[in-house]
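Chemist: Provide a 3D model corresponding to the input given below.
(4 chains)
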Protein chains: 2
Amino acid sequence: MNQAISLPGDAPVSIQALKTSCAACSMHQLCLPMGLEDADINRLDQIIGGRRRLAKDERLYQMGEPFTSLYAVRFGHFKTYQVNAAGEEQITGFQMAGELLGMDAISGAHHCDAVALEDSEVCEIPFARLEELFGQVPALLRHFHRIMSQEITREQNVMLLLGNMRAEQRFAVFLVNLSARYAARGYSPNSFQLRMSREDIGNYLGLTIESISRLLSRFKKQGWLQVDKREVTLLDPAKLKALAAGLDACSPMG
Amino acid sequence: MNQAISLPGDAPVSIQALKTSCAACSMHQLCLPMGLEDADINRLDQIIGGRRRLAKDERLYQMGEPFTSLYAVRFGHFKTYQVNAAGEEQITGFQMAGELLGMDAISGAHHCDAVALEDSEVCEIPFARLEELFGQVPALLRHFHRIMSQEITREQNVMLLLGNMRAEQRFAVFLVNLSARYAARGYSPNSFQLRMSREDIGNYLGLTIESISRLLSRFKKQGWLQVDKREVTLLDPAKLKALAAGLDACSPMG
DNA sequence: CGAGTCATTGATGAGGTTCAAGTGGGGTGG
DNA sequence: CCACCCCACTTGAACCTCATCAATGACTCG
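Modeler: So this is what the prediction gives:
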């Protein structure tokens, strides 16, 4: 429990390790190391269990598996979903680079499945070792609490979406949210590829695949966006934001 | 940050303090002190900021307020709800004795409002002092992480409910969940009072007040429960659990 | 007693699901 | 290289669940 890791930060490091160190990772401003000093980032680096590659549709973990590690997405995209006794699935989130997977499992076992939407890579963070590090790096603990808290807030926003919004508004929220997250990663906020199927989007938003298809067609006809297969371009982001905020009337699906 | 609180556990304690200490609180097996040793419970006691009484409909905190403390419900019931830009509200949870309020705010500011459903009392837990204690009582930190993780899982279950279930199933889930939580507190699992209005239930479940009223009437007619105002008696808990699990066909609302 | 709040019940229809058919790549095999 | 199939998606039509609107009832408080 209190066995401190006392490796100095200047221990020899292989090129491979350097290439995959937190300090060198383009996501370190968004991910767990955010705001840490270099020395502390190194300590975090040393507990990272390893990187794991996943092919499209490969599963990272499954409901019921015992909890051992959190995972940070290095690149690629994931979906997490819950399954209930009757076999109904609900996608609870889509995760992209720099985001953390597995926080619902800290209570003991995984409560949802995580599946790669495309070829992806994660950093494995053994939680027992992370806990040790919390005692030595208070800034890390504080940031970890912020991340968990933000996850709670994110889910509350989805509850608001599922409980109160019409289809049009839900879909606008979804697009605007993706846009903001890509922008935070330095990508274009108005042109991106949907990494998930229409079915996944529908499941996440509490709608059917047909509804998503109709919404895309309608938004396109209104001139709010362009679609080509999974490539989306937001042509009127302001309008979409207004829709998402509920400041603009919602028309039915026809 | 590292200024340890070094009061011994056997310092003189007033009767008032004893009456409200964690060790003496009937909720200490469910609340934050769960599983702690007596000495550590005392240390936790000493950082509790104070107890605060709230009248029915009084607000504990509000969206946008800066975060300073978590709150543990001593007795009474609360609801938490989010409000978006358009003024739409979504109740994100109902909290009862032994449950923690404010975890969504650790990221900096409160993201929802918390309101007492009846005369209630909370323990204020200044988070800065709790963080100090985390460094000294690892078991407390671990349990805190479990609690936050469980909150994430709870919300994912609500997402499943709002995204996938029909009205009948949602309402059954709601009743079965209340039943289990009262059971865990030593109360009757099959007879309890709804502390929230029909409107609150409807808002939480993504339904209207009329739907809740019809569901209650229908469940009553089916002989699954009795209702008298807010007093509910589950007459066929097994049937309700089957409905909640989705193992039983759902009939429409008529 | 009247005003106000909360809940019940009925009638109607909107919003989105369900069912069904069709389209359009992208891959595979002949 | 084309024919074929498979899958994800699109589009249309009918249906259904639940929201909405409206009227009424029950209880509380001044």
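Chemist: any chance you could map the strands in chain A?
Modeler: A:50-54, A:59-61, A:69-75, A:78-83, A:89-95, A:100-101, A:113-116, A:120-126, A:191-193, A:225-228, A:231-234 (DSSP state E).
Chemist: Partner strands of the fifth one and their direction?
Modeler: Paired neighbours of strand A:89-95 in the sheet (DSSP bridges): strand A:78-83 (antiparallel).
Chemist: With DNA strand D in mind, check whether the partner strand reaches it.
Modeler: No: contact of strand A:78-83 with DNA strand D is not found when judged by C-beta under 7 Å from any atom of the strand; the minimum separation is 12.9 Å. (C-beta placed from N, C-alpha, C; glycine too.)
Chemist: Now render the strands of chain A as TSV, adding mean pLDDT, mean neighbour count and distance to residue A:149.
Modeler: TSV is the format used below for those (pLDDT from 0 to 100; neighbours: other C-beta atoms under 10 Å in any protein chain shown; distance: least, C-beta to C-beta, whole Å):
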stretch	mean pLDDT	mean neighbour count	distance to residue A:149
strand A:50-54	92	15	27
strand A:59-61	96	18	22
strand A:69-75	96	21	15
strand A:78-83	96	21	18
strand A:89-95	97	22	15
strand A:100-101	97	21	12
strand A:113-116	97	23	21
strand A:120-126	95	21	18
strand A:191-193	96	16	27
strand A:225-228	94	14	32
strand A:231-234	96	16	29
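Chemist: any chance of the ones you listed in TSV, with distance to residue B:172 too?
Modeler: Formatted as TSV, the strands of chain A follow (distance: least, C-beta to C-beta, whole Å):
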stretch	distance to residue B:172
strand A:50-54	37
strand A:59-61	29
strand A:69-75	34
strand A:78-83	18
strand A:89-95	17
strand A:100-101	31
strand A:113-116	25
strand A:120-126	37
strand A:191-193	40
strand A:225-228	39
strand A:231-234	38
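Chemist: To DNA strand C, which of the ones you listed lies closest?
Modeler: strand A:225-228 (8.8 Å; C-beta to the nearest atom of the strand).
Chemist: in its sheet, what does the closest one sit against?
Modeler: Here, using DSSP bridges, strand A:225-228 pairs with strand A:231-234 (antiparallel).
Chemist: what does the strand it pairs with contact?
Modeler: Residues external to strand A:231-234 that are found in contact with it (C-beta atoms under 8 Å, 6 or more residues apart in numbering or on different chains): A:175, A:179, A:189-194, A:224-227, A:240.
Chemist: One more pass at 7 Å, please.
Modeler: A:175, A:179, A:190-194, A:225-226, A:240 (C-beta atoms under 7 Å, 6 or more residues apart in numbering or on different chains).
Chemist: for stretch A:186-198, same thing?
Modeler: Counting by C-beta under 7 Å, 6+ apart, A:77, A:79, A:94, A:117-118, A:178-180, A:182-183, A:209, A:212-213, A:230-234, A:237 sit against stretch A:186-198.
Chemist: For DNA strand D, tell me which of the contacts of strand A:231-234 show up nearby.
Modeler: Applying C-beta under 7 Å from any atom of the strand to those, none is adjacent to DNA strand D.
Chemist: What is the nearest of the residues you listed to residue A:150?
Modeler: residue A:179 (18.2 Å; C-beta to C-beta).
Chemist: Count the residues that sit near the residue of the stretch 151-254 of chain A found nearest chain B.
Modeler: Closest to chain B within the stretch 151-254 of chain A is residue A:246: 3.0 Å, counting by C-beta to the nearest C-beta. When neighbours are defined as other C-beta atoms under 10 Å in any protein chain shown, residue A:246 has 20 of them.
Chemist: Could you do residue A:35 as well?
Modeler: Residue A:35, neighbours per other C-beta under 10 Å, totals 13.
Chemist: correct me, but it touches residue A:139?
Modeler: Yes: look at residue A:35 against residue A:139 with C-beta atoms under 7 Å: they come within range, at 6.5 Å.
Chemist: now the residue nearest to residue A:116 when sequence neighbours are not counted, which residues is it bridged with?
Modeler: Excluding its sequence neighbours, the residue lying closest to residue A:116 (C-beta to C-beta, 6 or more residues apart in numbering or on different chains) is residue A:54, at 4.1 Å. Beta bridges link residue A:54 to residue A:120, judged by DSSP bridges.
Chemist: what's the answer for residue A:116, then?
Modeler: Here residue A:116, judged by DSSP bridges, has bridge partners residue A:78.
Chemist: And the residue of the stretch 1-150 of chain A at minimum distance from chain B, how close does it get to residue B:178?
Modeler: Nearest residue of the stretch 1-150 of chain A to chain B: residue A:86, at 3.1 Å (C-beta to the nearest C-beta). Using C-beta to C-beta, to the nearest Å, residue A:86 is found at 21 Å from residue B:178.
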